[in-house]
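1. Give me coordinates for this.
(one chain, ligands or ions: 1)
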Amino acid sequence: MDARERIKELVNTLNHHSYRYYVLDDPEISDAEYDELFNELKHLESLHPDMVLEYSPTQKVGYKVLTDFKKVKHKIPMLSLSNVFDYEELMDFDLRVKKLLGDNKNLEYVAEPKLDGLAVSISYKDGVFIKAATRGDGEVGEDITENVRTIRNVPLKMLGHDHPKEFEIRGEVVIPKQEFEKLNKVKMENGEKTFANPRNAAAGSVRQLDSKITATRPLYFYAHSFTSEELFKTHTDALEKAKRWGFMVPKNVITTDSIQKIKTFFEDLIRNRQALEVDIDGVVIKVNNTALQSELGSIARSPRWAVAWKPPAHTATTTVNKIAVQVGRTGVLTPVAELEPVEVGGVEIKRATLHNASELERKDIRVGDTVVIERAGDVIPAILRYVDDKRPKGSRKFEFPKKCPDCDIDVVREGVNFVCNNSKCPSRIKEALNHFISRDAMNIDGMGEKLIEQLVERNFIRSFPDIYRLNAATLMMLDRMGTKSANNIINAINESKNVSLDKFIYALGIDLIGSENAKELAKRFKNIDKLKNINEKDLEGIEGFGPNIISSLVSFFNSKDNIKRIDEIISLGVNIQETASAQTSTRLNGLSFVITGSFKEMSRDKISELIEHNGGKVSSSVSKRTSYVIVGTEPGSKLDKAKELNIKTLDLKEFLALISL
Ligand code: IVH
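-> Model prediction:
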């Protein structure tokens, strides 16, 4: 096969697999196999730059840096939806539609989630991605072609052959909630400003002048409307075709002729929205039949055939009585607004977080202000803004205390926060202990915040080891503590003494080390002694461990006090279980393997696992240090390299024989 043909074949294969992965969530090959094909394509393209196809997956990395976005006029305006806020209003919509259409017996609706992202329109010519634009004012948007090209689930070439010659598809660009948390964590770690919510993060990422940055953001496109609905009999037909052509469409879609069923769908979806992958801000109800859609037409920029049902906003206004400052276990000062109690969505709210010093500066919330607060789902309520014309005359900007409100030491500014650096600060000690005993850490049942508070105030405990020095007699000196409760607590303390390494690491409350990072450390370092002697080099290259995490870990384990405390905890009977090693034999100790090609008997991941279980190492490229190359069908360039360097090759059978000796 010549290079041109192979390039085309690779591009089509890779596009197919990325569709399986991102759109269908049902991959057919492993990540490693994908990477290998991708690398082969990159290599071929570098040898033949004139043969690079415009829809090659290598074109998704972003390259152009723009100075501004060009304006584009939409061929067909991007409409918006009118809203309803309750069932009665939805029934009015239904009546209106029925009245306009006359007695149409086959009226059917589709209900879909209203995704909370950024509306985008994408154009294809002969199935190839050519252009993308934001909604803008509906008539004129901005050209964001280069950025949308980098979105992983946007096909650069539509799949199949039955697609129209010219095609424009519209939808929402979003960042899934989990990805948003990760993105913000990294930003925080780098001392950068975080995004307020996934919608802002998606919008900010799409409106980046440097598409290389956009390419790093976890953006997804969900298709939900089409400029040429007449191509399809129904909207559901359009969604189904779009999916076949390689687009992701909203999950949770129903088709029904019953407005009552839509009510149940709406209520269920809103009740469970917390559990959805992406933020939604309602449900969109559309007439399914496209001929009926055209018959209904649109009025004042909104279609008559669709409506958005929005849940009541859980907001309220109240006044700020006080701004308190709380000290966390790492010394970070968090401003908290104490509010005139107010009911929001059925819950009484008295306090709301103001996040950090820089958020508070930005929002400029002051004591005495009337503020709008919002309770989204079940999360802690947030203050959105103050009401300008209700600000009391002569009010002053909130000034952060110069000294720690608890221990009176000077606070220092670190990034977005003010910090109390006194490790003996009582607030910090209490918070650190609360964290230590919490469920995902040492899990000491029955030892809540109130007890910690008393124990610290009365000087019974000052640090983690002190917990393991407590006895029932001491506990019984506290208010309202009988023999039974005291014994229960001592039992819970004793039960916590058998702890897995990851929970123990998490319990230590090291800055920036949450339970996920703790698990990763436990997996890699296996026992606490290794961790105690950790240095920067040991931590380099661990996915998700940036420079701030590394320096936090190194400085924690470099502190003699911290090591002393860990040793004390152990000497008081805490047994930190070693992380079980995945290794079951040492047959391959000291040997390094490279795998190339594919194997029908076993996945490449499985082979890698077998190598590691037997003490060997798996590497992705062939070098002089490679001991063996395991070769499957259709091996890549690694086999040539192995021959060139005279490295021994094995087929799968020979490899299996090697480990079953
Ligand atoms: S259909 C004619 N379906 O909501 C308008 N819109 O005001 C067709 N949106 O910015 C829109 N999820 O981008 C439709 N499942 C969905 C949607 C959706 C979110 C956005 C849309 C527009 C706004 C409508």
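2. wait, what's in contact with residue 628?
-> Contacts of residue 628 were listed using CB atoms under 8 Å, 6 or more residues apart in numbering, and they are 591-594, 647-650, 655. No exception for glycine: its C-beta is placed from N, CA and C like everyone else's.
3. Three-state assignment for the nearest residue to residue 56 once chain neighbours are set aside, please.
-> Of all residues not flanking residue 56 in the chain, residue 11 sits nearest, at 4.9 Å (CB to CB, 6 or more residues apart in numbering). Secondary structure state of residue 11, per DSSP: H, G, I helix; E, B strand; the rest coil, is helix.
4. For the stretch 101-250 of the chain, which segments are assigned as helices?
-> With DSSP state H, counting those that start in this stretch, the ranges of helices along the stretch 101-250 of the chain come out as 145-149, 177-189, 198-206, 211-216, 235-244.
5. do the stretch 351-500 of the chain as well
-> Under the criterion DSSP H, counting those that start in this stretch, the stretch 351-500 of the chain carries helices at the ranges 357-363, 426-437, 449-457, 464-467, 472-475, 483-495.
6. Also the stretch 551-661 of the chain?
-> Using DSSP H, counting those that start in this stretch, helices in the stretch 551-661 of the chain cover 560-571, 604-613, 637-644, 652-659.
7. CA atoms only for the last one, dumped as PDB, please.
-> Right, helix 652-659. Only the C-alpha atoms of helix 652-659 are listed here, as PDB (Å, rounded to 0.1, in the frame of the first residue of the first chain):
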ATOM      1  CA  LEU A 652       2.400 -14.100  21.900                       C
ATOM      2  CA  LYS A 653       2.900 -17.900  22.300                       C
ATOM      3  CA  GLU A 654       6.600 -17.500  23.000                       C
ATOM      4  CA  PHE A 655       5.900 -14.700  25.400                       C
ATOM      5  CA  LEU A 656       3.400 -16.800  27.300                       C
ATOM      6  CA  ALA A 657       5.800 -19.700  27.500                       C
ATOM      7  CA  LEU A 658       8.400 -17.300  29.000                       C
ATOM      8  CA  ILE A 659       6.100 -16.500  31.900                       C
END
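8. From the contact counts, what lies against that helix?
-> helix 604-613, strand 628-631 (3 or more CB pairs under 8 Å, 6 or more residues apart in numbering; DSSP states H and E).
9. pLDDT on the first one, on average?
-> Over the span of helix 604-613, the pLDDT mean works out to 82.
10. Spell out which parts of the stretch 551-661 of the chain neighbour the ligand.
-> Taking CB under 6 Å from any ligand atom, no part of the stretch 551-661 of the chain reaches the ligand.
11. got TSV for the helices of the stretch 351-500 of the chain, with distance to the ligand too?
-> Formatted as TSV, the helices of the stretch 351-500 of the chain follow (distance: least, CB to the nearest ligand atom, whole Å):
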stretch	distance to the ligand
helix 357-363	26
helix 426-437	39
helix 449-457	42
helix 464-467	49
helix 472-475	56
helix 483-495	48
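12. so can I have TSV of the ones you listed showing distance to residue 386?
-> Below are the helices of the stretch 351-500 of the chain laid out as TSV (distance: least, CB to CB, whole Å):
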stretch	distance to residue 386
helix 357-363	7
helix 426-437	28
helix 449-457	31
helix 464-467	42
helix 472-475	46
helix 483-495	45
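13. Reformat those helices into a markdown table and put mean neighbour count and distance to residue 278 next to each item.
-> Shown next, in a markdown table, are these (neighbours: other CB atoms under 10 Å; distance: least, CB to CB, whole Å):
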| stretch | mean neighbour count | distance to residue 278 |
| --- | --- | --- |
| helix 357-363 | 18 | 24 |
| helix 426-437 | 21 | 31 |
| helix 449-457 | 16 | 34 |
| helix 464-467 | 20 | 40 |
| helix 472-475 | 16 | 48 |
| helix 483-495 | 15 | 40 |
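14. which of the contacts of residue 628 count as buried?
-> The neighbour-count test (16 or more other CB atoms under 10 Å) marks 592-594, 647, 649-650, 655 as buried among those.
15. The spatially closest residue to residue 124 that is not a sequence neighbour: neighbour count?
-> Counting by CB to CB, 6+ apart, residue 124 lies nearest to residue 167, which is 4.5 Å off, once chain neighbours are set aside. Residue 167: 20 surrounding residues under other CB atoms under 10 Å.
16. can you start the count at 7 instead of 1 from here on
-> With 7 as the first residue, the last one maps to residue 173.
17. Help me confirm that residue 173 comes into contact with residue 134.
-> No - the criterion here is CB atoms under 8 Å, and residue 173 misses it with residue 134 at 10.1 Å.
18. any residues in contact with both of the two?
-> By CB under 8 Å, 6+ apart, residue 173 and residue 134 have these common neighbours: residue 164.
19. Who is residue 175 paired with across the strands?
-> Beta bridges link residue 175 to residue 128, residue 232, judged by DSSP bridges.
20. any weak-confidence spans in the chain?
-> Residue ranges of the chain with pLDDT under 70: 351, 382-386, 587-589, 667.
21. and it, which of its residues are near the ligand?
-> Residues of the chain lying close to the ligand by CB under 6 Å from any ligand atom are 85-87, 118, 120-121, 125, 141, 178, 230-231, 256, 290, 309, 312.
22. Buried among those residues? Need that as a selection in ChimeraX.
-> The buried residues among these can be selected in ChimeraX (16+ other CB under 10 Å) with this line:
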select :85,87,118,120,121,125,141,178,230,231,256,290,309,312
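23. Buried deepest among the helices and strands packed on helix 658-665, which one?
-> strand 634-637 (a mean of 22; mean count of other CB atoms under 10 Å).
24. Note down every partner strand of that one and its orientation.
-> The pairing partners recorded for strand 634-637 under DSSP bridges are strand 598-602 (parallel), strand 654-656 (parallel).
25. who's in contact with the first one?
-> Going back to what we said before, that points to strand 598-602. With CB under 8 Å, 6+ apart as the criterion, strand 598-602 contacts 38, 42, 610, 613-614, 617, 622-628, 631-638, 641-642, 644-645, 648.
26. what do you get for stretch 16-26?
-> By CB under 8 Å, 6+ apart, stretch 16-26 touches 32-35, 40, 43-44, 46-47, 50, 59, 61-63, 158-159, 161-163, 165, 252.
27. From those residues, list just the buried residues.
-> Buried members of those, counted by 16+ other CB under 10 Å: 35, 40, 43-44, 46-47, 50, 59, 61-63, 158-159, 161-163, 165, 252.
28. quick one: contacts of stretch 289-299?
-> Contacts of stretch 289-299 (CB under 8 Å, 6+ apart): 87, 96, 99, 103, 107, 110, 112-120, 230, 235-236, 238-242, 244, 261, 268, 271-272, 275-276, 302, 309, 311-315.
29. let's see it at 7 Å
-> By CB atoms under 7 Å, 6 or more residues apart in numbering, the residues outside stretch 289-299 that reach it are 87, 103, 107, 110, 113-120, 235-236, 238-242, 261, 268, 271-272, 275, 302, 311-315.
30. One more: stretch 508-515?
-> Contacts of stretch 508-515 (CB under 7 Å, 6+ apart): 335, 438, 441-442, 446-448, 519, 521, 524-525, 527-528, 534, 582.
31. buried ones in it?
-> 508-515.
32. From those residues, pick the one nearest the ligand.
-> Among the buried residues of stretch 508-515, residue 512 lies closest to the ligand (CB to the nearest ligand atom), at 38.1 Å.
33. Pop out the phi and psi values for the closest one.
-> Here is the backbone geometry of residue 512 (degrees, to the nearest 10): phi -60, psi -40.
34. before we move on, what about residue 79?
-> phi -90, psi 130.
35. Please name the nearest non-neighbouring residue to it.
-> Using CB to CB, 6+ apart and skipping residues adjacent in sequence, the residue nearest residue 79 is residue 146, 5.2 Å away.
36. what's the burial count for that neighbour?
-> For residue 146, the neighbour count with other CB under 10 Å is 15.
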